[in-house]
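Novice: this one's sequence-less:
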C-alpha cells in the first residue's frame, strides 16, 4: 500500500511539472506534437526509473556519513555527501547516453524528431530533482525510491502529453499573432498548473 501511495503521489500530488515546474525547458520545446511528447516522456520515465535507485544506493552505501562502514568500521566518520551533486549528475549523464543510443538504434525517426532535446535530458532539472527529492525524503528502501522515480516519470509524461495534445488542437485556432507558439503555451501551462494545485488542495 505504501508503494501505491508513493507512486500516485509522484504522478499527481507531487507532479514535477505542475507542482514544482521542473523540466520546463524540454516540456515546452518538445510538446509541439503528441508523438514526440510521448517519446520523450517514456525516455524520462526510463531515466528516472534507473537513476533514482542507483543514486539511492550511492547515497546510502557510499556518500552519506557512515555509509562506508560496510567496508570497515574505521570509515564510520567518513562523509562524502559533498560529492552528491557530482555523482548524481554523472549517473544521470551515463543513463541518458544509454537512452540516446537505444533510441537512435531502434527508433531513428523519433531520434531525429527529438533532436538535441534527447541528450539534454541530462540537464533536465526534473531528473536531478528526482534524485534530490529522494535524498531529502530518505526513503527506507530502494523499492520505495524506485517507485518514486517511476511515478515522477509517469507524471512528467502525462503533463507533456496533455500540453502537446492541446497545442496540436489550438494550432488551427484563431489565436492572436503575438500569442502564437510559446506565448499561448506559457499561458496554458500556468493555467494548468494553477488548476492542478487548486484541484489537489495546494495553496497558491
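Specialist: Cool, got the structure. Predicted model, so just to flag it, every value in this text is computed and none were measured.

Novice: I'd like the average pLDDT over the longest helix along the chain.
Specialist: In the chain, assigned by DSSP state H, the helix with the most residues is helix 142-170. For helix 142-170, the mean pLDDT works out to 92.

Novice: for stretch 78-94, same thing?
Specialist: So the average pLDDT for stretch 78-94 ends up being 93.

Novice: what's the answer for stretch 7-14, then?
Specialist: On average, stretch 7-14 scores 89.

Novice: what does stretch 111-128 give?
Specialist: Mean per-residue pLDDT for stretch 111-128: 81.

Novice: packing partners for the longest helix of the chain?
Specialist: helix 2-8, helix 24-29, helix 34-58, helix 125-137, helix 182-199 (3 or more CB pairs under 8 Å, 6 or more residues apart in numbering; DSSP states H and E). Heads up, the C-betas are built off the backbone N, CA and C, glycines and all.

Novice: Quick one: those as CSV, columns for distance to residue 152 and mean neighbour count too.
Specialist: Formatted as CSV, the helices and strands packed on helix 142-170 follow (distance: least, CB to CB, whole Å; neighbours: other CB atoms under 10 Å):
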stretch, distance to residue 152, mean neighbour count
helix 2-8, 9, 15
helix 24-29, 13, 19
helix 34-58, 5, 22
helix 125-137, 5, 21
helix 182-199, 15, 14
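
Novice: Format the ones you listed as a markdown table; extra columns: distance to residue 15.
Specialist: Output for the helices and strands packed on helix 142-170, formatted as a markdown table (distance: least, CB to CB, whole Å):
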| stretch | distance to residue 15 |
| --- | --- |
| helix 2-8 | 11 |
| helix 24-29 | 11 |
| helix 34-58 | 13 |
| helix 125-137 | 10 |
| helix 182-199 | 7 |
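
Novice: quick one: pLDDT of the residue nearest to residue 186 when sequence neighbours are not counted?
Specialist: Leaving aside its sequence neighbours, residue 186 sits nearest to residue 28 (CB to CB, 6 or more residues apart in numbering; 7.6 Å). For residue 28, the pLDDT comes out at 85.

Novice: residues touching residue 28, list them.
Specialist: Listed by CB atoms under 8 Å, 6 or more residues apart in numbering, the contact set of residue 28 reads 182, 185-186, 189.

Novice: Run the angle between the longest helix of the chain and helix 125-137 for me.
Specialist: Counting by axes from the mean of the first three to the mean of the last three CA atoms, to 10 degrees, helix 142-170 lies at 150 degrees to helix 125-137.

Novice: Nothing else from me, thank you.
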